[in-house]
Structure formats: C-alpha cells, structure tokens
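**Student:** this one's structure only:
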C-alpha cells in the first residue's frame, strides 16, 4: 500500500508542488482581501506579515515547477539567476513568517521585533555573495542555502508564529467570549507547530547532521508520503483555520455598529427626557410659581401667610434651577463645529470608510451660519441613514449631498443597497427617530425605498429657524 502511494506521488510530483504552492498563495490572498484597518485587535496588525509569507512561499514552490520548463528555452545564466531568486524567495517567506510571530508577541517581548532581521542578515552574509563564490557548483549552493534557510529562519519562525497565535488567542480573543474563534486560532497554532517540523526540520538529504538523518527521503521511506504532501496538508489546515479566524473582523464590525447604535439610542433617550422635562415639568412649575407670585401681591400685609408664600416661591425657583441643571446634564455637549464640518467628519469616519464607499457633495455657505442648536439633529439623521445603509442595506456605495436651496437645508443620502418596503406601515425606531428630528427642525423627511433597488432619504428643513 505504501509503495503504491509513493509511486502515485512520484508520478504526480508536479501536481503536488502546484497544490502546495496554491495552498499558501490562497492563504495570502484570503488575508489580503480582508479589510482590517478598522480593527482594534493586536492580531489584525500582524496579519500582513502572514499574507506576505503565503504569497512569497507559494511563488517559491511554483518556481520548482516552472524553472525546469523554462530551462529548455532560456539561457543558462538566466536560469541561474532565477534559481538564486527562488532561494531568496524561500528565505524571505520564512522571514515574513518569523516577523509575523514576533509581532504577535511584541507586547510580551518587544525586543524580539528585530530578531528576524538579524537572522536574515546572518543567513544572507553566509549564503548570498560569499556562498555563490566559494561553493563549487550551483546545485551544492542551492541545496545548502535552502537547508539552512529552513533551519535558521523557517523552523524558529514557525515556532514563534505558533506560540504567538496561541498567546493572542488567550490574551485578546478569549476575553471577548468568541469561543469558536478562540478554538480556531488554537488549531492554526497547532498547524504552524506541525509546519515547523515538516517545513523547517525536514530538508533535502545532505552530508551533515541532522540533514543526513532527518530528510525528505527518510520521511518518504517511513511514512510513504513525501514532505511536500505533508506541508500541503498542514498548510491546508492553516488556511482553513485562518480564513475561519478572519470572521472575527465581521463580528467586531457588528459589535461596533451595535455599540454606536446603542450610544445613539441613549443620547436620543436623554434628549427626549430633557425635552419632556422642559416642555412639561418646568412649564408646570413655572405656572405654579406665577400663581404663587400673583397671590403674594394681593396680600395687604406680610403676615405668616405672606412669609410662607415667599418661601414657596423660593422653593419653586430652586426647583426650576435644579431642573434646568438636570436638563443641561442630560443633553450632549454642544458640538463646536459648523454643520458643514460635522457632515464632512461623519462622512470621513475611518470606521465607516472600511465598510462602504462614501461619496460626499457638499455646498453649504458659512454665512449666515446654521443654528448650532439644530446641528446635532441633522448629524443624527445622517448617522442613522449611514448606519442603515451600512448594516441593514449592506450597501457598497453611499452618496451624501448637502446644500442650501431656497432658504432651506437639503440633505440627501442615497445608497445602492438592498432597500426595503415602506408601504407596510411598520417603521422601525430609527426611521421614527429621524422623522421626529425632522419635525423638531421644522422640516420634512422623505424616504424612497424599494426592495433590491436602494434607498434615498431626503431631509428638507428651514435654514434659519428660531429656537
């Protein structure tokens, strides 16, 4: 059975090398296509090194397929140069993996961050220029430089990367209670640990220890499977685990949007309570105070009743002062920015830019300035519209237009998302809140939405409006 497997793999060695390179190239591509700029996880800032490892390692393995083919067409000097580049790609790929590992451990051991560079320089000083000059032939140089790239860079790099993934899983993922992501990172760490052995210690046969004992031929004899197959399998496990792990950024975005919506809800609730206190309780107390003051004036003498009325008036005034203080505490701090600056800041939010492409067209005059009391209402409507487009409509592009027209502020937010049906009469809290704010502005809010055709939200309100 082992002999049959060995024969099959030998016949299809080219296919094995292609799959081996493809596995790692897909690893780099999957990471590169995942946006991580908004993430606050330390793990995210290190993934670029792992992507670089995947790309460069895949290209090195594909070189073993295409260089023999090109040897029939290209000059010998060109093939020699390409073989040197292939070895350099191998060392670089391991260097990227090494750097990935130490970046994951930067918080714990910050001085390790320069270790991969030091090891790469040591390898290069021995095997690039001096090695090519002193070695008798290119084949010997290629063999020795590849072996020592695996020993010096690949093996410790994979170990550091394996430990770094486990460290980050324990430190940053586990406290967030993302249990499936935590387990997946542990699987990825185990795959890297296995790769440290099959990719860093198992090398072509050579005349020195341990290459004369632990090498490709010996592993094939023991297991009936060539090391490239084992590396492909460990790489496949690593790719699947890392792709599963990338879900953490989607979860992080969902939690971020939920927190933003919660913050908006809290602010809106505080504003509602403040308005109700101002329009209800304060006005009632103020009316009672006027009645007491009127009764006090009609008293002919400052007797006991007059003194009590004076005390009541003082208590009412204190209650009004306290309520106004409470209302001031409930309201968010006034934004010391113009309407134009506020809209630009919302549209340029980095967290939003990583999720959707925002096209801004703004034409608002600086004079006369828009009432600063009303700025938060306009910005809240814009926030709600952008949040709906990003999270619920899953839009790719959002157009924001803001201009003054016929003495009115005109704000238009249009997206290319899924849209929704508005004729069912069941408006959500967010839509009701936008309409309430539009009424507070003395304006109107119109929503043009159709399932699968995007959404257009238009706010039209007076530019100048008294408090």
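**Tutor:** Now that the structure is in, tell me what you want to look at. Remember, it's a predicted structure, so these values are computed and weren't measured experimentally.

**Student:** Just to be sure, residue 159 is in a helix?
**Tutor:** Yes. Residue state for residue 159 (DSSP: H, G, I helix; E, B strand; the rest coil) corresponds to a helix.

**Student:** Quick check: closest non-adjacent residue to it.
**Tutor:** The shortest distance from residue 159 to any non-neighbouring residue, by CB to CB, 6 or more residues apart in numbering, is to residue 196 (5.0 Å). Heads up, the C-betas are built off the backbone N, CA and C, glycines and all.

**Student:** Report the buried residues of the stretch of helix or strand that neighbour belongs to.
**Tutor:** Per DSSP states H and E, residue 196 falls inside helix 179-200. Neighbour counts over helix 179-200 (16 or more other CB atoms under 10 Å) mark 181-200 as buried.

**Student:** before we move on, what about stretch 77-96?
**Tutor:** Of all the residues in stretch 77-96, those buried under the rule 16+ other CB under 10 Å are 79, 83-84, 86-96.

**Student:** ok, which pair from those is furthest apart?
**Tutor:** 79 and 96 (25.6 Å; CB to CB).

**Student:** ok, back up a step: give me the contacts around the helix holding residue 196.
**Tutor:** 94, 150-151, 154-159, 161-163, 165-166, 168-169, 173-174, 219, 227, 230-231, 234-235, 237-238, 241-242, 244-245, 247-248, 251 (CB atoms under 8 Å, 6 or more residues apart in numbering).

**Student:** ok now do the residue lying closest to residue 210 once chain neighbours are set aside, which residues does it touch?
**Tutor:** Nearest non-adjacent residue to residue 210, counting by CB to CB, 6+ apart: residue 201, 7.3 Å away. If a contact means CB under 8 Å, 6+ apart, then residue 201 has 150-151, 155, 210, 214 as its contacts.

**Student:** Let me see the domain layout of this structure.
**Tutor:** Residue ranges of the domains in the chain are recorded as 2-245, 268-330, 339-462, according to automatic domain parsing.

**Student:** got a markdown table for those domains, with mean pLDDT too?
**Tutor:** Shown next, in a markdown table, are those (pLDDT from 0 to 100):
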| stretch | mean pLDDT |
| --- | --- |
| domain 2-245 | 88 |
| domain 268-330 | 64 |
| domain 339-462 | 80 |
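
**Student:** need the contact list for the closest residue to residue 369 other than its chain neighbours.
**Tutor:** The shortest distance from residue 369 to any non-neighbouring residue, by CB to CB, 6+ apart, is to residue 338 (6.4 Å). Contact partners of residue 338, counting by CB under 8 Å, 6+ apart, are 364, 366, 369-370, 375.

**Student:** Pick out the most distant pair among those residues.
**Tutor:** Spanning the widest gap among the contacts of residue 338 are 366 and 375, at 13.6 Å by CB to CB.

**Student:** So these two - more neighbours on which side?
**Tutor:** Per other CB atoms under 10 Å, whichever of residue 366 and residue 375 has more neighbours is residue 375, with 21 against 9.

**Student:** So the more buried one sits against residue 339, correct?
**Tutor:** Yes. Here residue 375 reaches residue 339: they are 5.1 Å apart, a contact under CB atoms under 8 Å.

**Student:** From the buried residues of stretch 77-96, pick the one nearest residue 120.
**Tutor:** Looking across the buried residues of stretch 77-96 and measuring by CB to CB, the closest to residue 120 is residue 95, at 4.8 Å.

**Student:** Would you mind measuring from the residue nearest to residue 210 to residue 460?
**Tutor:** Computed as CB to CB, to the nearest Å, the residue 201 to residue 460 distance reads 71 Å.

**Student:** re the thing from before, closest one to residue 14 out of the buried residues of stretch 77-96, please.
**Tutor:** When those are compared against residue 14 (criterion: CB to CB), the nearest one is residue 86, at 15.8 Å.

**Student:** Now for that closest one: which residues touch it?
**Tutor:** Per CB under 8 Å, 6+ apart, neighbours of residue 86: 60, 63-64, 67.

**Student:** and if you look at residue 235?
**Tutor:** 20, 23-24, 27, 191, 195.

**Student:** which residues in the stretch 351-467 of the chain form helices?
**Tutor:** Here the stretch 351-467 of the chain has its helices, by DSSP state H, counting those that start in this stretch, at 375-387, 429-440.

**Student:** Most tightly packed of the ones you listed?
**Tutor:** helix 375-387 (a mean of 22; mean count of other CB atoms under 10 Å).

**Student:** Tell me what angle it forms with helix 429-440.
**Tutor:** Interaxial angle, helix 375-387 versus helix 429-440 (axes from the mean of the first three to the mean of the last three CA atoms, to 10 degrees): 150 degrees.

**Student:** now for helix 375-387, which elements pack on it?
**Tutor:** Packing partners of helix 375-387 (3 or more CB pairs under 8 Å, 6 or more residues apart in numbering; DSSP states H and E): helix 247-276, helix 339-347, strand 397-405, strand 408-415, helix 429-440, strand 455-462.

**Student:** and residue 380, which of the ones you listed is closest to it?
**Tutor:** Nearest to residue 380, of the helices and strands packed on helix 375-387 and by CB to CB, is helix 429-440 at 5.8 Å.

**Student:** From the contact counts, what lies against that closest one?
**Tutor:** Applying 3+ CB pairs under 8 Å, 6+ apart, one finds that helix 429-440 makes contact with helix 247-276, helix 375-387, strand 444-449, strand 455-462.

**Student:** What are the contacting residues of that helix?
**Tutor:** Contact with helix 429-440 is made by 261, 265, 268, 374, 377-378, 380-381, 384-385, 387-388, 427, 444-445, 447, 457, 459, 461, as judged by CB under 8 Å, 6+ apart.

**Student:** how much does that helix deviate in direction from strand 408-415?
**Tutor:** Using the same axes, to 10 degrees: helix 429-440 against strand 408-415 is 170 degrees.

**Student:** who's in contact with residue 461?
**Tutor:** 374, 378, 408-409, 438, 441-444.

**Student:** Skip the chain neighbours and tell me the closest residue to it.
**Tutor:** Residue 461 sits nearest to residue 443 (CB to CB, 6+ apart), 2.7 Å away.

**Student:** That neighbour and residue 368: what is the separation?
**Tutor:** 17 Å.

**Student:** With neighbour numbers in mind, choose between the two.
**Tutor:** residue 443 (23 against 9).

**Student:** looking at it, that one is touching residue 458, isn't it?
**Tutor:** No. Between residue 443 and residue 458 there is no contact under CB under 8 Å: 9.9 Å.

**Student:** quick one: which of the helices of the stretch 351-467 of the chain is nearest residue 40?
**Tutor:** Comparing the helices of the stretch 351-467 of the chain by CB to CB, helix 375-387 comes nearest, at 19.0 Å.

**Student:** mind listing the helices in the stretch 51-200 of the chain by residue range?
**Tutor:** Remark: helices assigned in the stretch 51-200 of the chain by DSSP H, counting those that start in this stretch are 76-104, 115-127, 129-134, 138-149, 155-168, 179-200.

**Student:** can you redo those as JSON lines with distance to residue 44?
**Tutor:** Listed next are those as JSON lines, based on distance: least, CB to CB, whole Å:
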{"stretch": "helix 76-104", "distance to residue 44": "11"}
{"stretch": "helix 115-127", "distance to residue 44": "20"}
{"stretch": "helix 129-134", "distance to residue 44": "38"}
{"stretch": "helix 138-149", "distance to residue 44": "28"}
{"stretch": "helix 155-168", "distance to residue 44": "10"}
{"stretch": "helix 179-200", "distance to residue 44": "12"}
